[in-house]
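1. Got a predicted structure plus its sequence, pasted below:
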Amino acid sequence: MDVDALKPPTDIEALHRHYRAELTRQEALLTHRAEEIAYLREQVQLLLANRFGASREKVSEAQLGLFNEAELEVSVPEQKLEEPDTLTVPEHQRERARRKPLPEYLERVDIIHDLTESEKVCAEHGVALECFGEESAEQLDIVPAKVRVLRHKRLKYCCPCCEGYIVTAPMPAQPIPKGIASPGLLAYSATSKFLDALPLYRQVQIFSRMGVDVSRASLASWMVRCGALVQPLINLLREELLQCSYLQMDETTMQVLKEAGKAPESISYLWAQQSIDAQRPIFLFEYAPSRSGEVAKRLLDGFTGSVQVDAYAGYNAVVREQALVRLGCWAHARRRWVDVIKAQGLNPKKLPLKPPTKAKRALTGLGYIQSLYAIERRIKDDPPDERYRIRQRDSVPVLVKLKTWADRLRPKVVPKSKLGDALQYLNNQWPTLVRYCDDGRYRMDNNGIENAIRPFCLGKKNWLFADSVGGAKASANLYSLIHTAKANGLEPYAYLRHVFTELPKATSLEDIEALLLYHPALNLTNDLRSTS
């Protein structure tokens, strides 16, 4: 190494240039380190907020849209959510809330309360009293789960003329041949786990309190076999799903212990799809060992409509190759602005009167987004053509103002910060985010499918993992039927019991189609209808 090259120059001008360059370098280094420290502080604050704070993205509405920067010359939309300084409440009489009547289809048991014989005599005249009516009041009663044994007796017949001809009545096909589990028990266990997030080991404890010894291994085996049993129904629902013109998709992680070529602690995925059709809603879940774009291609093979997803790049190839219309999710965009506030160590619901600059800017962005959501709440019950008209009239101007404000702000913000991330996401996803205004059928966000995944995520916290690939696939199938039944107004337990009873008897495609939730042949009696 040339030691002389490291020595400062002896010429005064050259020495000044040398130190100015060194000072510039040090200042740049300090700026970079300051930005890095600020970014890491934001990360720590956000992690603390996500770990210990409320998970809801509710923000103090009184402060939304109040922090527009004057130099931007872009006013907050008129639909911003502000609270006036004073609020006048007219005098009124509040009606007492009335109790909802109990459903008529519930069984009624009459309990007669009568006077004693001595009380049935008039105290004044001493004559017998006559009954002329009654006063009634109803109470809701629940009988705990009742365990019983179904004994199948197959009658046998023989010919009186010849002892060689003997006929035995056939046993109806069962969901688990030669097993002790009836369709009712299987439906109960499936809905307990996949709807009520009750893991199998807790079900074993409940059965034990009832005096029934059922092992966890037996329950797990039954669920796997039930998941395989309903596969024909899932195939029909997938065909129907791909015929729709508008889908939502999302995916979430899960863990499978016994999977070929993967370590037990590795991550797998549950993919979810929803048809956005009020007349025929369908939810389908499918297990996949990865989150690769190939899974998205397989799940959308043959689909030709519009798909609403998050910003995950795994959808890019299938959207491009199949010329699909891709819609973005405003809930994901909004979440990043809320994270800006949380990253400042602030509670979004209890902001100070003078929040820091980053929080002010986040509130301005949230004000625009909340204005868009306010429009959606106002038109949610309108027909699609009316929603399209109002969006073009009211939502598009707000979107233009939001984009103008964000484009002016972005160059002033450090990219490697939560505020920079929110602005960059908005800029990158803008073409997909604004597309919901192109059709009144489209929704503003992907919350529908995320809400469908939420019960799985809750259950996952209880049962933690799937033991095998077969168990993961069975779980996906049963989740699909349960949540599609719920979306179609059916009681999931009653529907599964009906399916587990009739599907083993099916001998043709028509028999299987008759079990579809929306099929006209399905008898929607009171026990199948959901009251939720």
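-> Received it, and whenever you're ready, just let me know what you need.
2. what about the residue nearest in space to the middle of the chain, which SS state?
-> In the chain, the C-alpha nearest the mean C-alpha coordinate belongs to residue 451, at 1.4 Å (C-alpha atoms, centre = their mean). Secondary structure, DSSP: H, G, I helix; E, B strand; the rest coil: residue 451 is helix.
3. Number the residues from 32 up from this point.
-> Fine by me, first position is 32 from now on; the one you just mentioned is residue 482.
4. and the helix or strand hosting residue 327, what does it pack onto?
-> Using DSSP states H and E, residue 327 sits in helix 324-330. On a contact count with 3 or more C-beta pairs under 8 Å, 6 or more residues apart in numbering; DSSP states H and E, helix 324-330 meets strand 299-306, helix 347-352. Placement of C-beta: from N, CA and C, glycine included.
5. Of all these, which one comes closest to residue 74?
-> Residue 74 lies closest to strand 299-306 among these, at 25.3 Å (C-beta to C-beta).
6. could you check the angle strand 299-306 makes with whichever helix or strand comes after the closest one?
-> For strand 299-306, the following helix or strand on the C-terminal side (DSSP H and E) is strand 313-319. Using axes from the mean of the first three to the mean of the last three C-alpha atoms, to 10 degrees, the direction of strand 313-319 lies 160 degrees away from that of strand 299-306.
7. outside of strand 313-319, which residues touch it?
-> By C-beta atoms under 8 Å, 6 or more residues apart in numbering, the residues outside strand 313-319 that reach it are 265, 268-269, 271-272, 275, 282, 285, 287, 299-306, 326, 330, 483, 487, 500, 503-504, 506-508, 510-511, 514-515, 518.
8. For that strand, which strands pair with it and how are they oriented?
-> Paired neighbours of strand 313-319 in the sheet (DSSP bridges): strand 299-306 (antiparallel).
9. Please state the offset of the partner strand from the chain centre?
-> Averaged C-alpha coordinates place strand 299-306 at 11 Å from its chain's average position (C-alpha atoms, centre = their mean, to the nearest Å).
10. can you list the weak-confidence ranges in the stretch 232-381 of the chain?
-> The model of the stretch 232-381 of the chain has pLDDT under 70 over residues 309, 378-381.
11. can you give me the helices in it?
-> Using DSSP state H, counting those that start in this stretch, the helices of the stretch 232-381 of the chain run over 247-260, 262-273, 324-330, 347-352, 361-374.
12. Pick the most deeply packed of those helices.
-> With neighbours taken as mean count of other C-beta atoms under 10 Å, those reach their highest mean count in helix 361-374, at a mean of 22.
13. Tell me which helix or strand comes right after that one.
-> Next along the chain after helix 361-374, taking DSSP H and E as the criterion, comes helix 388-410.
14. In the first helix or strand past that next one going along the chain, which residues are buried?
-> Per DSSP H and E, the first helix or strand lying C-terminal to helix 388-410 is helix 415-421. If you call a residue buried by 16 or more other C-beta atoms under 10 Å, then helix 415-421 has these buried ones: 418, 419, 421.
15. Including distance to residue 527 and pLDDT, could these go into a markdown table?
-> As requested, the buried residues of helix 415-421 are exported to a markdown table (distance: C-beta to C-beta, whole Å; pLDDT from 0 to 100):
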| residue | distance to residue 527 | pLDDT |
| --- | --- | --- |
| 418 | 36 | 94 |
| 419 | 39 | 95 |
| 421 | 41 | 94 |
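16. any chance of these in a markdown table, plus distance to residue 74?
-> As requested, the buried residues of helix 415-421 are exported to a markdown table (distance: C-beta to C-beta, whole Å):
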| residue | distance to residue 74 |
| --- | --- |
| 418 | 39 |
| 419 | 41 |
| 421 | 40 |
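17. Would you mind checking which of those residues is nearest to residue 148?
-> Nearest to residue 148 among the buried residues of helix 415-421 is residue 418, at 69.9 Å by C-beta to C-beta.
18. For the closest residue to residue 519 other than its chain neighbours, give its distance to residue 458.
-> Of all residues beyond its chain neighbours, the one nearest residue 519 is residue 548 (4.5 Å), with distances taken as C-beta to C-beta, 6 or more residues apart in numbering. When C-beta to C-beta, to the nearest Å is applied, the distance between residue 548 and residue 458 equals 42 Å.
19. pull the longest helix from this protein.
-> In the chain, with assignment by DSSP state H, the single longest helix is helix 43-83.
20. which helices and strands sit right next to it?
-> Counting contacts by 3+ C-beta pairs under 8 Å, 6+ apart, helix 43-83 packs against helix 361-374.
21. what does the domain assignment say about the protein?
-> 39-83, 214-283+293-341+498-563 (automatic domain parsing).
22. which one of the ones you listed has the most crowded surroundings?
-> Sort those by mean neighbour count, taking mean count of other C-beta under 10 Å, and domain 214-283+293-341+498-563 sits at the top with a mean of 18.
23. so how far is it off the chain centroid?
-> The chain centre lies 15 Å from the centre of domain 214-283+293-341+498-563; the measure is C-alpha atoms, centre = their mean.
24. need the domains of the chain in TSV with distance to residue 162, can you?
-> Formatted as TSV, the domains of the chain follow (distance: least, C-beta to C-beta, whole Å):
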stretch	distance to residue 162
domain 39-83	65
domain 214-283+293-341+498-563	33
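25. which one of those lies closest to residue 389?
-> Closest approach to residue 389 among the domains of the chain (C-beta to C-beta): domain 39-83, 8.7 Å.
26. I'd like to know how far residue 526 sits from residue 310.
-> Distance from residue 526 to residue 310, by C-beta to C-beta: 18 Å.
27. Of the buried residues of helix 415-421, which is the nearest to residue 240?
-> residue 418 (51.8 Å).
28. burial measure for the closest residue to that closest one other than its chain neighbours, as a count.
-> Leaving aside its sequence neighbours, residue 418 sits nearest to residue 471 (C-beta to C-beta, 6+ apart; 3.7 Å). Per other C-beta atoms under 10 Å, the neighbour tally for residue 471 reads 18.
29. Next: residue 449.
-> 26.
30. low pLDDT regions in this structure?
-> Along the chain, segments meeting pLDDT under 70 span 32-41, 73, 76-77, 79-128, 309, 378-384, 489-496, 551-563.
31. follow-up on the earlier one: how about TSV for the helices and strands packed on helix 324-330, with distance to residue 159 added?
-> As requested, the helices and strands packed on helix 324-330 are arranged in TSV below (distance: least, C-beta to C-beta, whole Å):
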stretch	distance to residue 159
strand 299-306	68
helix 347-352	85
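32. quick check: angle from the longest helix of the chain to helix 388-410?
-> Going by the same axes, to 10 degrees, helix 43-83 makes 40 degrees with helix 388-410.
33. quick one: helix 43-83 to chain centroid distance?
-> Averaging C-alpha positions (C-alpha atoms, centre = their mean) puts helix 43-83 41 Å from its chain's average.
34. immediately after that helix, which helix or strand?
-> Remark: after helix 43-83, the chain's next helix or strand is strand 187-189, criterion DSSP H and E.
35. in that next one, what's buried?
-> So for strand 187-189, nothing qualifies as buried (16+ other C-beta under 10 Å).
36. Between the two ends of stretch 317-331, what distance do you get?
-> End-to-end distance for stretch 317-331: 12 Å, by C-alpha to C-alpha, to the nearest Å.
37. likewise stretch 145-165?
-> 10 Å.
38. Would you mind measuring from residue 244 to residue 147?
-> 48 Å.
39. ok, now residue 329?
-> Applying C-beta to C-beta to residue 329 and residue 147 gives a distance of 76 Å.
40. and what of residue 153?
-> 14 Å.
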